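Engineer: no FASTA, just this:
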Ligand SMILES: NC(=O)c1ccc[n+]([C@@H]2O[C@H](COP(=O)([O-])OP(=O)(O)OC[C@H]3O[C@@H](n4cnc5c(N)ncnc54)[C@H](OP(=O)(O)O)[C@@H]3O)[C@@H](O)[C@H]2O)c1
Ligand SMILES: NC(=O)c1ccc[n+]([C@@H]2O[C@H](COP(=O)([O-])OP(=O)(O)OC[C@H]3O[C@@H](n4cnc5c(N)ncnc54)[C@H](OP(=O)(O)O)[C@@H]3O)[C@@H](O)[C@H]2O)c1
Ligand SMILES: NC(=O)c1ccc[n+]([C@@H]2O[C@H](COP(=O)([O-])OP(=O)(O)OC[C@H]3O[C@@H](n4cnc5c(N)ncnc54)[C@H](O)[C@@H]3O)[C@@H](O)[C@H]2O)c1
Ligand SMILES: NC(=O)c1ccc[n+]([C@@H]2O[C@H](COP(=O)([O-])OP(=O)(O)OC[C@H]3O[C@@H](n4cnc5c(N)ncnc54)[C@H](O)[C@@H]3O)[C@@H](O)[C@H]2O)c1
């Protein structure tokens, strides 16, 4: 198994940390890690060696039967892959057509965490969840640092500071974690989601759920909403945004552009110095004006377009990711060899290319 | 009364916010605020006008009987002051000899929050406390953002993340607030202070107090410690530093250089990616290598030399400061005129120059 | 006079015995004191009253001891209720026999005396035959389901009416034969009374028959003009009545319902779907279970979050620890609805991190856990995930709480958890269900544990 | 027979009365039932027993009503204890008089009868004179401090011995004069018994004398062979004894200590420094105070943090709210040891922000607050900061809890707070102190409020 | 005789049990209520006066009736006043 | 007679009071303990047998003695076994 250093810009995580090397070795794999692969995640080459991995000066992609990474491999790397090799990473199929074609041509079996079915058995391999956990936590820290106010309430001799109001839009894994973290810091938190079950989940974290007068969706995942629906939703959300000091948006629809929930007018109505953190910025943004990786001022309001937040906390993000990889690998290993059985509902769900075929319809 | 825009670099607070204008007017003052003085603190000129202040294009220093600011005035500003005028600000007497001489020459009555006696009556004017509150809170946010790990514990399908260990050295106002904030975020917090009473105070926040085998000081304030004492202290602190993920140092002795508590060796023993936030950096640092306003890597450990942390949260920091100013002014106002009575123990304590004299011994 | 005083001492002992038996702390002493009082009473009676037939009496007592002690000793814990029923029955019979014998001994009885006599005979025989039937039911020598005779209700009414008539007749014209007849009708009445009672209500019936026997003894006290019998019998009658009411309440049945239900032959349906029974306990049961345990594991789940019961659970655990119980929390990786959900909650309630245990810390030692308390969790303790390859959650690691010595399950209903899969653990005989909002249940439990 | 039954009904009423009076919920009904029972008993006695002198009796009763009701109605709330003492005394006197009168009426009395007679006379007169002395003390018609006669102890012993001797003598040679003498000695004994009891112990002495009167009444029941008197007297005697013990416990004094202390003339020192008295209450007192309040303000301080009692206080407040009490928290700007200390704590315990009130929210309405609960705060409620310009904390705004209707103060000792200034509020008669760790006290309080 | 003793013993138990868990704030009302109840000596006083034959007996009896009446009515009224706070 | 009634009433009260707050888990042991106590009919059986004059009386009495003894000893022993869990 090989772990190349991440080559995409600003990726600080690593797909295999020293802690997971030894269980992989136990499972019958030999682990190769490129020199400096764990550098940003404070995983030293020495630690890899100590854990039983071989640290290679060169990219180990060409020699490996299994290549694990966080971001998709580059086209160049993909061209090095052995025919029939297995890759595991986030693949973002919509954006990586060319890469998929390379995989297809080289008869690579590629797995993408984006597509992992969210069934009970697959939970331990669910990297979307584990990274969303990190993102939700970091989103609040980012907001708190940028907010020129306190989050918690303080009654002091120099007057009373009221608690900040935080609004979380979208209460999936990241949104829930953002709620929890903001509550920990003492903010008053409100949240909204289209999913029906989200209400109870939000309240179970001690936050207030906004009951909007909208027909809402049942089921575990949000599906695409009509533009009228979104229009109406924005109307109702508007006044809550105006009253908030921090807005964190996490609304997403798997594989689609994110719904637009916040408008410039709403931001203008917020108190000066307020902050919007848009976790959906990479898939278009819940605020149309947010750009991933950039901070922009809209009037007196700061808009933070989040770009790969998990990567800003590389040690733990990598550790969780690496466990997810390990757990997914375990589903493929039989008798010490990696031999993915595509009859398994989980592997079937997240296998994108196999045996020279692209197995999913791409959007 | 005049509030010039702060002219020292990187100061984002303002000494008078719109909320406190109207009580000042009620107290019989006319309030002049320089255009854009509140810009960084998101206090718009319009808001000042609405609250009853006059917004002046020019620096109002020359025309005012009372000049309030956060940082000391510049020498140039001081030269503009009316003879007999009153100034209120932090003065940091040790660093501002020249300014004091100007004040003396112009027979200015200057008050410094640094010297405010910490008696019960003066609590509402205690800007050191109010700004330390902000600093302690921000220190944890700074550390949490820079730490590549979680502060809280998480048991997830992708493994368990242990809680981060935070060590707070110095449990004054800022230290206690840092403890509280880190605990809120779910960290396991230890703290240490030379003052005896600090033990109970630390535990009252749910953190662990390090019982070192040192004779410790009773009384409210820490006094200067001998070098042997500090040596021994460092020995004992060392292993706790090594086990921590975050160290926040706040130890200070009023008017002196900060004691050195943390050494490079200790930092080297910490886990890679750990963070030290040194709140004492401006007065020399509790770690000798920290430079105010800079981040440096010591091996795999990030050292953040804090520079004016309260200024990074200007809205609330200004609001608290401005209340302190108001409360101090109230002690001076008699019949609608500012006529400080230096028999008052509080005013006496913090009055640096008056009637052509420097009233305190400078270190 | 001394004799009377000794009887008074015995009566006192009985009062103290009942008092002791009502508190977990003193229950055993209570029983001892009761036994001691009995010894005093019996010895006194023997020394004072066994003017004739002393040897015979000794033989009868010895026989009773030889039969009674081994029976009580060897019976299995699970068979104790039927044993109690049997002992109660023979007590009732003894009372009836005493009244009969006395009736033949006395000349020229007065009205009150006769009244007491017929009551003793009637109640004693009802209690005897009723107890025997409950014994048969519990021992499964006959069906445990309610038995509905074709004209059961009419028969019971007939027996009731004729017993009242016989009583009146006997008082009017004292006559041994009538008394025997009364005893026979009493026996029939007892059988008719208990036959329609089924399943869960049988223990309540036993308790009621126990109170009956108490009353019979008190009545026989009037017959013999013996204060001790009056006091002791009344005590048992009164406390037995209260106890019967409490038991009925604890099972959510009204006493009237059971009493008249018995004759009206209401079927008693087992709880649960598809006729599967679950055992639902009361707060006090669970409190005692926990309070006297050594080793407890709390497994919280999404329900804890929904109920916002994090503070309540911490308080309960603290109270248990104060009693010397070792308690830890089992935190499942996917408990709740987001990663780390339980951590967030329990940190808010200031639960020390050291108390949080993971799967690998808990499962290996689970068999030595006395009570596993499942608070609003479900899927994460579903043994189906371990045992049933066909289950949609098969393969998820779980807390093996079904291997603990007992399980307390707090939830609001029989609904399944997130995965929508039924949980076998709910039907496990080790499991006691505590229905209701988790916060509510925990708060009540805390109060109850404090009372121990 | 009917008469006896009526008496039995009255006895039943008395039992129910005592039962009711032991629970805050039913206390008033208890009192009514007791009065009703008394009515039944008295009417029965009059109809059946007033063969002669019926009119005289009516006149005496009328006189008693005319004296008793206005006295009971007009007495000030603070003077009620001495009123109770007085009523108790006249009851004792009545019992003694009854026994005396009966003694002169009866011919040829037996041993037990005589024993009961002398006991009634003796205890009745002790109770009477003792009660009168406690009345004088409480009414401050004499000193409230323990009175130590020069040879008080010897005198008391002498009176005790001679009363026993007189009893024996009277039984041996029944004689009116001896009985009068016994009454006189009893009066002396009562005085000697109560004189050395001082200050806080007087209510305990009253309760004991009350139990005595009960016994006297029971004894007179023997004299008159009247079961009602026996039952009612015994009830009062027994419950009075228990009550005396409970009261002594609540004040941290052992009963033996008070009883023998009285004769040994131990001085009873008032608590507090410089002989200033503070009022320290029990958890139950405070629970009832809170449970029946409408409007409560909790003022937390540094002690709450030290005790880490944030969760406990929230639980208590929640429980009070469930009872319909309006509760808010008064958060002082400098409570604790860092700015926002209370905020951090209470946020951790999940106290809703809306419940946190500042000085300006609380002080204007403070006079309508029924109970202000000060939990480990001190300086921030010290009225000296408002009233005494010489105080080092003068000028700091405070919560004016001394203007609330009552104050509960939880702390561990009489030590001052951070500023080291003594707090006048501790000595305020409105203040009830609850000593102990705040978390402990709050937890107990919660349990006690739940019991209401 | 032994019956009266039994009655006595049982009454003691009832007395103990019935007040054994009373809270402090009810101590005084309970004491006062019990105090009113022992005013039942009024029954004794009435009986003795009702069968009085000598003047001494009559005087003693009437005095007892008067005092016992004060005890009874005063006791119940004062208790009721104390209990006003529980009216809620 | 009325005394016996009084005793009865008082005993009823004591019986009520004494068990009124028992927790569910003690229901069965308490029932069983009470069951053993009503075995006191043994006293009656002994007395009646002790003064039996006819064979019928004797037989009835002895049967009663035997049954009551079973009730008593079995009752106490079984109760004790149930209470083992409270030994702690
Ligand atoms: N952790 C994650 O990241 C994550 C994310 C998504 C899904 N999941 C899934 O969620 C499930 C978690 O398992 P779990 O055992 O924690 O929860 P669960 O299986 O959903 O069971 C929760 C139980 O709590 C009870 N409950 C709800 N509200 C209650 C209240 N107020 N008081 C008392 N009981 C209450 C419910 O029963 P009643 O309704 O009868 O009261 C239910 O049986 C797993 O299936 C997991 O796969 C986890
Ligand atoms: N907020 C700030 O920024 C700040 C900073 C520094 C100083 N201060 C000063 O601190 C004071 C704060 O006032 P405060 O009323 O909160 O506190 P305080 O005046 O210091 O009183 C605290 C009280 O709590 C009691 N206590 C301590 N531990 C306890 C426990 N475990 N259980 C129950 N009671 C306990 C103490 O009495 P026992 O010992 O008898 O139990 C003490 O009377 C003010 O004087 C203020 O000026 C405030
Ligand atoms: N069973 C499992 O193992 C498992 C594991 C992880 C997550 N999940 C579930 O998956 C679901 C989605 O989680 P996710 O974090 O991946 O979601 P996501 O990142 O795809 O979307 C985030 C949230 O945005 C919401 N959203 C979409 N459109 C919206 C709109 N217009 N307005 C407001 N909100 C909108 C969605 O409902 C979702 O809750 C959750 O229900 C979660 O509990 C299940
Ligand atoms: N009475 C009042 O109104 C009032 C108001 C605010 C603060 N205070 C008190 O003033 C005191 C100081 O507060 P501050 O925040 O201004 O302090 P500070 O900023 O001067 O110092 C911070 C802390 O560093 C500690 N320290 C000094 N040398 C040390 C060493 N070698 N090792 C470890 N710790 C060392 C000090 O003891 C102090 O607690 C505290 O006790 C605080 O409670 C009182």
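Structural biologist: Looks like it came in fine. What you see is a predicted model; the values in this text were computed from it and never measured. Numbers count the residues shown, from 1 in each chain, chains lettered A, B, ... in the order given. Ligands and ions are numbered 1, 2, ... in the order given.

Engineer: which stretches of chain E aren't confidently modelled?
Structural biologist: E:1, E:23-24, E:85-88 (pLDDT under 70).

Engineer: mind listing the helices for it?
Structural biologist: For chain E, the helices defined by DSSP state H cover E:2-19, E:27-37, E:41-50, E:55-82.

Engineer: would you turn the ones you listed into JSON lines with mean neighbour count and distance to chain A?
Structural biologist: For the C-beta atoms, the positions are set from N, CA and C on the backbone; glycine is no exception. Below are the helices of chain E laid out as JSON lines (neighbours: other CB atoms under 10 Å in any protein chain shown; distance: least, CB to the nearest CB, whole Å):
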{"stretch": "helix E:2-19", "mean neighbour count": "23", "distance to chain A": "45"}
{"stretch": "helix E:27-37", "mean neighbour count": "30", "distance to chain A": "40"}
{"stretch": "helix E:41-50", "mean neighbour count": "30", "distance to chain A": "62"}
{"stretch": "helix E:55-82", "mean neighbour count": "25", "distance to chain A": "41"}
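
Engineer: Nearest approach to residue A:295 belongs to which of these?
Structural biologist: Among the helices of chain E, the nearest to residue A:295 by CB to CB is helix E:27-37 (69.2 Å).

Engineer: do the closest one and chain D meet at all?
Structural biologist: Yes - with CB under 8 Å from any CB of the partner chain as the criterion, chain D is reached by helix E:27-37 at E:27-37.

Engineer: Give me the angle between that helix and helix E:55-82.
Structural biologist: 150 degrees (axes from the mean of the first three to the mean of the last three CA atoms, to 10 degrees).

Engineer: Which neighbouring elements make contact with helix E:27-37?
Structural biologist: With contacts taken as 3 or more CB pairs under 8 Å, 6 or more residues apart in numbering or on different chains; DSSP states H and E, helix E:27-37 sits against helix D:2-21, helix D:27-49, helix D:80-105, helix D:202-224, helix D:227-250, helix E:55-82.

Engineer: okay if I get those helices as CSV plus distance to ligand 2?
Structural biologist: Below are the helices and strands packed on helix E:27-37 laid out as CSV (distance: least, CB to the nearest ligand atom, whole Å):
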stretch, distance to ligand 2
helix D:2-21, 33
helix D:27-49, 32
helix D:80-105, 30
helix D:202-224, 27
helix D:227-250, 21
helix E:55-82, 31
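
Engineer: Where does the prediction get shaky in chain A?
Structural biologist: Across chain A, residues meeting the criterion (pLDDT under 70) sit at A:215-224, A:363.

Engineer: residues in it within reach of chain D, list them.
Structural biologist: Neighbours of chain D within chain A, by CB under 8 Å from any CB: A:152-160, A:162-163, A:186, A:188, A:206.

Engineer: secondary structure element for the nearest residue to residue C:222 once chain neighbours are set aside?
Structural biologist: Ranked by CB to CB, 6 or more residues apart in numbering or on different chains and with sequence neighbours excluded, the top spatial neighbour of residue C:222 is residue C:116, at 3.7 Å. Per DSSP states H and E, residue C:116 falls inside helix C:111-138.

Engineer: residues of the helix or strand that that helix is followed by that come out buried?
Structural biologist: Sequence order places helix C:152-172 as the next helix or strand after helix C:111-138, per DSSP H and E. Buried residues in helix C:152-172, counted by 16 or more other CB atoms under 10 Å in any protein chain shown: C:152-153, C:155-156, C:159, C:162-163, C:166-167, C:169-171.

Engineer: And stretch C:46-64, by the same measure?
Structural biologist: Buried residues in stretch C:46-64, counted by 16+ other CB under 10 Å: C:46, C:48-50, C:53, C:56-57, C:60-61, C:64.

Engineer: hmm, it touching chain E?
Structural biologist: No - using CB under 8 Å from any CB, stretch C:46-64 stays clear of chain E, coming no nearer than 13.6 Å.

Engineer: Now do that stretch: distance to the chain's middle.
Structural biologist: 34 Å (CA atoms, centre = their mean, to the nearest Å).

Engineer: How about the contacts made by the closest residue in space to residue C:437 that isn't next to it in sequence?
Structural biologist: Using CB to CB, 6+ apart and skipping the chain neighbours, the partner closest in space to residue C:437 is residue C:307 (5.1 Å). By CB atoms under 8 Å, 6 or more residues apart in numbering or on different chains, the contact list for residue C:307 reads C:376, C:437-440.

Engineer: And stretch C:353-370, end to end?
Structural biologist: One end of stretch C:353-370 to the other measures 22 Å (CA to CA, to the nearest Å).

Engineer: my bad, should have said stretch A:8-18
Structural biologist: From its first residue to its last, stretch A:8-18 covers 21 Å (CA to CA).

Engineer: before we move on, what about stretch C:321-335?
Structural biologist: Distance between the two ends of stretch C:321-335: 24 Å, counting by CA to CA.

Engineer: sec struct for residue C:420, please.
Structural biologist: Here residue C:420 is coil, with the state taken from DSSP: H, G, I helix; E, B strand; the rest coil.

Engineer: what pLDDT does it get?
Structural biologist: pLDDT, the model's per-residue confidence, is 87 for residue C:420.

Engineer: burial count for it?
Structural biologist: Taking other CB atoms under 10 Å in any protein chain shown as the criterion, the count of residues near residue C:420 is 10.
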